[in-house]
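Student: need coordinates for the following:
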Amino acid sequence: MTFLCTDKTLLDDWLTVGPVTRVEGKTVADPYRTKLLGAEVAVWKDSQGQFAARIGAEVLLIQKCYGYLWICPSGSPRKDLFALPEYSQPGRRIVDCEGIGVAVSGLRMVENFLDMGHFPYVHAHYLGEVPQTEVATYDVSVDETADEIWATNCRFYQPKTSKSATTGLDVQYRYRVVQPMGAVLYKTAVPRPGEMDAIGLFVQPHDEEHITAYCLLAYYDDTSAETDLIGFQHTIFGQDKPILENQLPKRMPLRPGTEVPTRCDAMSVAFRRWLAARGTTYGAIARDGS
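Tutor: Numbering: from 1, shown residues only. The predicted structure is shown next:
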C-alpha cells in the first residue's frame, strides 16, 4: 500500500495524524489506525516509549510536537515543522479541542479559517453580527524565508469573541498560514489587553475531499472551564461544517477567475497564489482544470 498522492508539497511536509492522546496505550500489536492521503496508517508507542508509524510494511518518519503527532509521508521533509512559540509560553493555557470531520478539501478548510467575511452570517452573535459586516482593509505579506503567509492589521467587531468575553469587542487579528494544511490565528486576548490568544488549525487530509480539522488553543484564560473552551470552538466549527460540505466544488480551484474574489478576500487570493506557485495539486483543481 502507498499514499494515493503525487503532490510533493504534501508528501515532503509534516501532516498531523491527530493528538498524542489517541495513541497513548497503543502497541505494535494493536496500533491506532487512521487514514492519511488515501492510505491506512498504523501508529503506536514502542517499548522504549517512542512513537512509531507505518503504512503496510513501510516505516514512516514521525515526530511528536505541540501535543500532536506529525508524519512526513516521503520521509524527506523539505523543512522543519513550523514554530509555535506560544505553545510553551508561560501563562498560557494549552487546550486540545480534538477534531471534527468535514467532507471537503483540506485547502478549503484552511481558506475558510482565514475568512473574516463570513463571520456575521455563519457565526452570528458570536464572531459577528449584521449590519456590522464590513471587513476593513488589511495587509498581506509572504515570508519567503519561513515560506509562510501573514495577514496583519486585521480587525472585526465581534459580539462574543471567546468563551470568556462578556461584551462585544473590536477584535484585532493576525493570520498565519504555516503550510497548505495548517494555519494559526492570533486574536485579542480579552483578559490581557495588549496580548493575543493563539488558535492553531491542523488539518489531517484523509483523502482529497475528506478531512479531520483539529483545533489547538494557546489562551490567556484562567477562569473558563476546559469543557467550555472546547465547546465554544466546536460550536464555531459546527457552524462552518455544513457550509463547507455544501460548497461546490469540494476541491479548491486554483485557476484565476474561477471564483471571483472581493476586497475582503485578500488573504484567500494570496493563499491560492502561494499554493499554485508551490505546485500544490492534492485537494485542488489546478490552473489547467485537472
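Student: can you tell me the closest non-neighbouring residue to Asp143?
Tutor: Using CB to CB, 6 or more residues apart in numbering and skipping the chain neighbours, the partner closest in space to Asp143 is Trp150 (6.3 Å). Every residue, glycine included, has its C-beta placed from N, CA and C.
Student: which ones are touching that neighbour?
Tutor: By CB atoms under 8 Å, 6 or more residues apart in numbering, the contact set of Trp150 is Val140, Ser141, Val142, Asp143, Arg174, Tyr175, Arg176, Val177.
Student: and the helix or strand that Ile243 is a member of, average pLDDT?
Tutor: Secondary structure assignment for Ile243, by DSSP states H and E: helix 226-245. Mean pLDDT, computed over helix 226-245, is 87.
Student: report the buried residues of it.
Tutor: Residues Leu229, Ile230, Phe232, Gln233, His234, Ile236, Phe237, Gln239, Asp240, Lys241, Leu244 are the ones in helix 226-245 that count as buried (16 or more other CB atoms under 10 Å).
Student: that older thread, which strand residues bridge the residue nearest to Asp143?
Tutor: Each beta-bridge partner of Trp150 is listed here, defined by DSSP bridges: Ser141, Arg176.
Student: before we move on, what about the one 4 residues further on?
Tutor: With beta bridges defined as DSSP bridges, Cys154 has these partners: Tyr173.
Student: what's the spacing between it and Leu114?
Tutor: Using CB to CB, to the nearest Å, Cys154 is found at 10 Å from Leu114.
Student: which residues do these two both contact?
Tutor: Tyr175.
Student: who's in contact with Val203?
Tutor: Val203 makes contact with Thr16, Gly106, Met109, Val110, Met181, Gly182, Ile211, Thr212, Ala213, Tyr214, according to CB under 8 Å, 6+ apart.
Student: try it again at 6 Å.
Tutor: Contacts for Val203 were tallied using CB atoms under 6 Å, 6 or more residues apart in numbering; they are Gly106, Met109, Met181, Ile211, Ala213.
Student: over to the third one: give its phi and psi.
Tutor: Read it as Met181. phi -110, psi 30 (degrees, to the nearest 10).
Student: that'll do, ta.
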